[in-house]
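K.L.:
Sequence and predicted structure below; questions after.
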Amino acid sequence: MKIKIIFTEALLGTLSGNKEIAEGFIISKHPDGPQEDELHAESPEGDVEKSSTFFPRDNGKPFLWDYQIKGFFKDACSMLRRVSGTKSKDITAYKKIIDGIVFVGPRKIVIDVVGDISWCERPLRGQTAQGERIALARSESIPEGSSITCDITCLDKKYLKYVKEWLDYGALRGLGQWRNSGKGRFTWDLISE
């Protein structure tokens with residue numbers, strides 16, 4: 001099925017401005033090892049602070065990786081399995097199903113940006129053995145109203161009902177960074193089955 005996701009809240013970037021962190025931790029976690037296109041993704045014009053997160057670029061256009069949508073599906077299913085009356089309540093081995101039966105394309109999902117890309121700065125608080133710690137986080141922010149279009153393929157059509165439920169969950173908990181605050185929330189439209 002082909003869908004369009006429309007962001008109802010700003011979407012925050014997730015790729016670290018610190019190349020060592022991006023390459024050594026995030027990109028290295030790919031099941032097939034670091035992917036060449038991830039290692040050489042373009043960053044925004046100008047200097048990106050090492051403590052910032054941003055969107056990778058393809059010919060200057062920001063995009064999401066296909067696996068970010070699959071990661072959202074895993075998070076959504078994990079939460080919805082805890083809610084009685086949901087379709088996801090009955091699904092078992094959901095991570096294996098999402099990894100092996102549900103596919104998202106294209107690999108680079110270009111974001112149709114409405115308005116100007118800005119920066120979102122916010123405090124991060126964490127409890128440690130030494131007490132509360134506070135740091136400043138800075139993320140590239142794509143404005144609400146922006147959208148993406150992607151294809152979702154289910155090798156077994158019976159899983160489409162789950163995918164639709166997970167997409168509906170995006171109105172409550174979105175994509176990208178700081179989604180617990182409401183960032184990255186979205187609605188979706190079915191373009192074609």
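P.N.:
The structure has been received and is ready for your questions.
K.L.:
From the rest of the structure, what touches the strand or helix carrying T53?
P.N.:
Assigning secondary structure by DSSP states H and E places T53 in strand 52-54. The contact list for strand 52-54 (C-beta atoms under 8 Å, 6 or more residues apart in numbering) reads 12-17, 43-44, 48, 119, 137-140, 177. Placement of C-beta: from N, CA and C, glycine included.
K.L.:
so what strands line up beside that strand?
P.N.:
strand 15-16 (antiparallel), strand 131-142 (parallel) (DSSP bridges).
K.L.:
can I get those in a markdown table with mean neighbour count and distance to M1?
P.N.:
Shown next, in a markdown table, are those (neighbours: other C-beta atoms under 10 Å; distance: least, C-beta to C-beta, whole Å):
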| stretch | mean neighbour count | distance to M1 |
| --- | --- | --- |
| strand 15-16 | 22 | 27 |
| strand 131-142 | 16 | 24 |
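K.L.:
Save those as JSON lines, and put in mean pLDDT too.
P.N.:
Formatted as JSON lines, the strands paired with strand 52-54 follow (pLDDT from 0 to 100):
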{"stretch": "strand 15-16", "mean pLDDT": "82"}
{"stretch": "strand 131-142", "mean pLDDT": "88"}
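K.L.:
Return the member of the contacts of strand 52-54 nearest to V113.
P.N.:
E140 (10.8 Å; C-beta to C-beta).
K.L.:
Do a quick rundown of the helices in this structure.
P.N.:
19-21, 36-39, 66-80, 94-100, 160-169 (DSSP state H).
K.L.:
what about these, which gets the closest to W188?
P.N.:
Per C-beta to C-beta, nearest to W188 of the helices of the chain: helix 160-169, 4.7 Å.
K.L.:
Quick one: distance of that closest one to the chain centre.
P.N.:
15 Å (C-alpha atoms, centre = their mean, to the nearest Å).
K.L.:
in that helix, what's buried?
P.N.:
Neighbour-count burial for helix 160-169, counted by 16 or more other C-beta atoms under 10 Å, picks out Y162, V163, K164, E165, W166, L167, Y169.
K.L.:
Give me the spatial nearest neighbour of the fifth one, chain neighbours excluded.
P.N.:
Closest residue to W166 apart from its sequence neighbours, by C-beta to C-beta, 6 or more residues apart in numbering: A76 at 3.9 Å.
K.L.:
From the centre of the protein, point out the most distant residue.
P.N.:
Q130 (31.9 Å; C-alpha atoms, centre = their mean).
K.L.:
Run through this protein and note the low-pLDDT ranges.
P.N.:
18-50 (pLDDT under 70).
K.L.:
Just list the residues touching I3, thanks.
P.N.:
I3 neighbours (C-beta under 8 Å, 6+ apart): T149, C150, D151, I152, L167, W188, D189, L190, I191.
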